[in-house]
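*Asks:* show me how the following folds:
(chains A and B)
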Amino acid sequence: MAIDIEAKIDVGEPVPPVPANQRRPRRPGWLGQHLGTAIVLGVAGYLLGHFVGNTIASGYANVAGASGENDVAVVLGFVFGLVGWYLGIGALNYPLAKLIGRDASAHVHDELWDAAGWTKYFRYSLNHKVVGQQYVVGVLMFFFTAGLLAMGIRGQLLTPTGRLMGPGTYIAVVSEHGTMMMMMATSVVVGPLGNWLVPLMIGARRMAFPRVEAFSFWSFIAGYVIILGALPLGGFPTGWTGYAPLQTQATVGMDAYLMAFAVVGIGMISAGFNIAVTIIHYRAPGMTWGRLPIFCWSMIATSALLTLATPVLVMAGLFGLLDRTAQTAFFVNEHGGSSFLWENLFWFFGHPEVYIMALPGFGIVGEILPVFTRKPLFAYRVGAAGMVGVALLSFFVWQHHLFNSGINPDMRPLFMLTTELISIPTGFIFLVGLGTLWKAKIRMEVPMLFALALFFNFLIGGVTGVFLSDVPVDVTVHGSFFVMAHFHYTIMGGLIFAFFGGLYYWLPKITGYTLNKRLGQIHFWLMFVFFNFTFFPLFIVGLLGMPRRVFEYAARLQGLNAFSSVSAFVLGSSFLFFIANFVWSIFLDPKRAPANPWDSLGLEWQTPTPVPPYNFERIPVILSDPYHYGEEEASRVADLSGSLVLVAGAGEGT
Amino acid sequence: MTSVDPVPPVAPAREPHHFWRLFAIWGVLSAAADPLFYFLVGPHLPPGDMGSAGAGDQFDSNVLFVIAIPVVFAIVIYLLYAVIVWRSRPGVPEPVAGPSSHGNIAIQFAWIGITTVIVMGLFLFGTIELVTGGGSGGGEGSVAIWTLKSPSPLVVQVIAQQWKFSYRYPSLGGFETDALMLPDDTTVVFHVTSLDVIHDFWAYQLGVKADASPDYDNIAYTRTQQTGSFSVRCDELCGVWHGAMFDTGYVVSKTAFQTWATTTEAKLASATKLLPQFSWTYTPDANGADGGYYPDSQDGYSKVEVYGAQPVNLKSGENKG
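*Replies:* Purely as a prediction, here's the structure:
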């Protein structure tokens, strides 16, 4: 058997023992650095920054805002608060220790491998599985908060002249919902499943940069706090796109938007390059690119987008903050700036961002389908090529958001072409999915239901995307509820369905407990049916002329809107079944999950449950890709004992 | 490791020919649905044909639906078929993977080929419609490339501000009103600009949509084809009262329009004198605290002359310092 074994550190080696000088008892919970100290220092930092800001702000800044706050104070409050947050959680321990010449690596071993105790979930843990679990809770918190805001939006739109909120509150809620969901969706798979699974899937013991990984998570949470802070500051009126003259005009809630996107953005960049480096450099011997699980392909494509697209947003946000605090004029037309600059910078990030929210979903269904069809993944190479192709093309489509803006009108056919071209590599994913289903033996388990739903939802989302890419049709549907329904079909119908499918699939491994199947099925069917009931009518509402983000609408559209609203409430409550399932199966009536409940060939399933802190006793040697279902002479996926390496090594020696 | 069934792969006595079955179901349903949609639903698709741009959008949507329906049918029928026919039942043996279950070259090439052909076709169709439709009613920037040729178009300037639209008719003495009146059977050129933030002028039934950006003149073409009313909405989030930024425009007969224009011009003559000189864009007066606007463009008249319309005859009392 030909195995390409590169010289790798640790290959076949057992887990290194803990050096005596690195073993130390953990400090009592309240003495160390944890979420509590982070909150305390964060709040103290905010107050200090706010005070400093008020002191140094010009008289103009103090009177410019109508809210009695000034931008300088709020921005400095966030900056100081952020420093306090990082100090409190311990993110700066290592760099500061290096700075003053201390031996910074003394406790690394502890933080990497020590998985005992529940307090680790509230600490700056370097273990990729702990970070993954932290992320699961973090994104669900993000998702449910923003979901509640969505309930508010649909409540307002129950009637043509809804009185639930005033227009100011309504626009603040819409903007908050959109922005939080977008931030959540960038990390919803990369954070929890990416961090948790990638090392296990490629046969590594840890991520390439564990500190950067933890940093990305705690930045994500800081972003959550800051963007939520926009609401008490009065909210912001721009939607998630933050278009510029309105952005410059808005009150201090806007600072929270810009700051939060910068913080979450830095977290996204960190998470992205960490995962990319891990996949490139930490693959176990034998894990060639042709054997890499399709989920890892989606992760590396997503990571490329995260790393390359997000800096544009972070810098644009910084320009916006300077415009608002230091009276620069990047986006101010009458002082020589341009409102088109923000539109282009934002969408140059924003469109790759859209694929950041699609590719991980494709990766998840690519993992789920072979397991529940008992067939090899069809056209694996085409699938991987499709993901890379989507990632590349996504940088060349951003102006389709600006078809009617009047900028570069002669570019419209070109951007129509690039946008429609993207449906070719996206079609590859459908080829993979449908090909895998051919003459299969489909086990309708809960993860499989979600995976199949993705293909239906993404089909609707993708086809309506072609309508939007067609310039003449876009004249009618641009900026209407049609767009809104379209991207909910792709992001919620695609990514979020895949995410929950992935949770039902991998949670038995992650938590070690079996989830209740019946509750999972109820969750799925409620979510699937009422997702479609919620968003399908909105295509029609959009075609009939209802713009996005309006707090009142034409009376003739009430029937469809009310139907959508009521469905949305049921859709929202379907997640209660997930929460109930989660709590019931893990805390109230825990049932130990077997190590490989779905009978999967994936490397992550070959480990014991719960997974040891160091993942693999010995670094495995990969023998084939994990999709050889139904083959008579299926080889083993990996050699976990290290014996092959020893044999091979011996062979080389002679 | 999965339990590889040692049972030899004995195929069922007669495996139905799945592909032709699926093809037949799909073919019949698509062949039935497409003409039904094209002839029954198509003519009623939004945004209607009050303006030529709207009619073009409507035709485009119709064609896109006709292409989309078979695609959606193909995938959905396949998914349903797979779930029903290939569902795991007790006694069904594990599928046995053959060489083609890892990827069949012919199918892969066919798939890629078909999607590429559809996409390129869509691109050509969209481009042709865009160019021949005079920009399809979308905002074309300050220098429109694709236009509706007409000897005497009506130029209407749309001025958006938080939170209303007002309209200026440069060829009718440059008066500014809150009412959007258009003559029937006339090519209309909208010049859309904004005084504050980004808005979007959406004349729904006319099929016109153009962003109103401050300091920018965005041009959109349409030709009115029927009389009636149409709704005008702001389609870009512009602040708190975005949802209330709408009004109604009217397409009226040419004589009615002439009467309206003459009376309105006379009625507003005193107010027109106080307006800033007509210009394609207006900039907030950075030197004055009174919130005044001064005209921006140095070649304000030339475009009016290009359209063959009557130049605005206003006093040159500029308030530009």
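*Asks:* my read is residue A:124 is in a helix, agree?
*Replies:* No. Counting by DSSP: H, G, I helix; E, B strand; the rest coil, residue A:124 is not part of a helix but coil.
*Asks:* quick check: closest non-adjacent residue to the closest residue to chain B within the stretch 501-650 of chain A.
*Replies:* Going by Cβ to the nearest Cβ, chain B is nearest to residue A:550 of the stretch 501-650 of chain A, at 3.4 Å. Every residue, glycine included, has its C-beta placed from N, CA and C. With Cβ to Cβ, 6 or more residues apart in numbering or on different chains as the criterion, residue A:550 has its nearest non-adjacent residue at 3.4 Å, and that residue is residue B:243.
*Asks:* where do the helices of the stretch 151-300 of chain B begin and end?
*Replies:* Ranges of helices in the stretch 151-300 of chain B, per DSSP state H, counting those that start in this stretch, are B:254-267, B:269-274, B:300-306.
*Asks:* ditto for the stretch 201-350 of chain A
*Replies:* Going by DSSP H, counting those that start in this stretch, the stretch 201-350 of chain A shows helices at A:210-229, A:244-249, A:253-281, A:294-325, A:339-356.
*Asks:* how many other residues sit next to residue B:256?
*Replies:* Per other Cβ atoms under 10 Å in any protein chain shown, the neighbour tally for residue B:256 reads 15.
*Asks:* if the nearest residue to it once chain neighbours are set aside is in a bridge, with which residues?
*Replies:* Spatial nearest neighbour of residue B:256, chain neighbours left out: residue B:183 (7.9 Å); criterion: Cβ to Cβ, 6+ apart. Beta-bridge partners for residue B:183, by DSSP bridges, are residue B:252.
*Asks:* residue B:183 touches residue B:154, doesn't it?
*Replies:* Yes. Applying Cβ atoms under 8 Å, one finds residue B:183 in contact with residue B:154, separated by 6.5 Å.
*Asks:* more neighbours: which of those two?
*Replies:* Using other Cβ under 10 Å as the criterion, residue B:183 and residue B:154 rank with residue B:154 on top: 22 against 19.
*Asks:* the more buried one bridge partners, please.
*Replies:* Beta-bridge partners, per DSSP bridges, of residue B:154: residue B:188.
*Asks:* roughly how far apart are the closest residue to residue B:210 other than its chain neighbours and residue A:606?
*Replies:* Once flanking residues are discounted, residue B:210 sits nearest to residue B:139: 3.1 Å by Cβ to Cβ, 6+ apart. To residue A:606, residue B:139 is 57 Å away according to Cβ to Cβ, to the nearest Å.
*Asks:* nearest residue to the middle of chain A?
*Replies:* In chain A, the residue lying closest to the centroid (Cα atoms, centre = their mean) is residue A:187, at 1.7 Å.
*Asks:* hmm, back to that, hmm, the residue nearest to residue A:550 is touching residue A:551, no?
*Replies:* Yes. Taking Cβ under 8 Å as the definition, residue B:243 is a contact partner of residue A:551 at 4.0 Å.
*Asks:* now do the shared contacts for these two.
*Replies:* A:167, A:170 (Cβ atoms under 8 Å, 6 or more residues apart in numbering or on different chains).
*Asks:* what's the neighbour count on the closest residue to residue A:521 other than its chain neighbours?
*Replies:* Nearest residue to residue A:521, sequence neighbours excluded (Cβ to Cβ, 6+ apart): residue A:446, at 6.1 Å. Here the number of neighbours of residue A:446 (other Cβ under 10 Å) works out to 24.
*Asks:* give me the phi and psi for residue A:446.
*Replies:* Phi and psi for residue A:446, reported as degrees, to the nearest 10, are phi -60, psi -50.
*Asks:* hang on, the earlier thing: so for residue B:161, which of the helices of the stretch 151-300 of chain B sits nearest?
*Replies:* helix B:269-274 (16.6 Å; Cβ to Cβ).
*Asks:* which parts of the closest one are buried?
*Replies:* Neighbour counts over helix B:269-274 (16 or more other Cβ atoms under 10 Å in any protein chain shown) mark residue B:272 as buried.
*Asks:* only alpha carbons, please: show that helix as CSV.
*Replies:* Included here for helix B:269-274 are C-alpha records, laid out as CSV according to Å, rounded to 0.1, in the frame of the first residue of the first chain:
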residue,chain,number,x,y,z
ALA,B,269,-43.8,81.6,-10.8
SER,B,270,-43.2,83.6,-7.7
ALA,B,271,-41.8,80.6,-5.8
THR,B,272,-39.7,79.5,-8.8
LYS,B,273,-37.8,82.8,-8.6
LEU,B,274,-36.6,82.0,-5.1
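*Asks:* elements contacting it?
*Replies:* strand B:175-177 (3 or more Cβ pairs under 8 Å, 6 or more residues apart in numbering or on different chains; DSSP states H and E).
*Asks:* now do the strand it packs on, average pLDDT.
*Replies:* For strand B:175-177, mean pLDDT rounds to 92.
*Asks:* equivalent analysis for stretch A:564-574, please.
*Replies:* 96.
*Asks:* where along the stretch 201-321 of chain B do the strands fall?
*Replies:* For the stretch 201-321 of chain B, the strands defined by DSSP state E, counting those that start in this stretch cover B:208-212, B:218-223, B:228-234, B:246-252, B:282-284, B:293-295.
*Asks:* deepest-packed of those, please.
*Replies:* Mean neighbours per residue, mean count of other Cβ atoms under 10 Å in any protein chain shown, is largest over the strands of the stretch 201-321 of chain B for strand B:208-212, with a mean of 32.
*Asks:* tilt between that strand and strand B:246-252?
*Replies:* Taking axes from the mean of the first three to the mean of the last three Cα atoms, to 10 degrees, one finds strand B:208-212 and strand B:246-252 inclined to each other by 130 degrees.
*Asks:* can you give me how far whichever helix in chain B runs longest is from the chain middle?
*Replies:* Longest helix of chain B, by residue count under DSSP state H: helix B:52-85. Offset of helix B:52-85 from its chain centre (Cα atoms, centre = their mean, to the nearest Å): 19 Å.
*Asks:* what helices or strands is that helix leaning on?
*Replies:* helix A:423-437, helix A:446-469, helix A:471-477, helix B:18-36, helix B:105-132, strand B:218-223.
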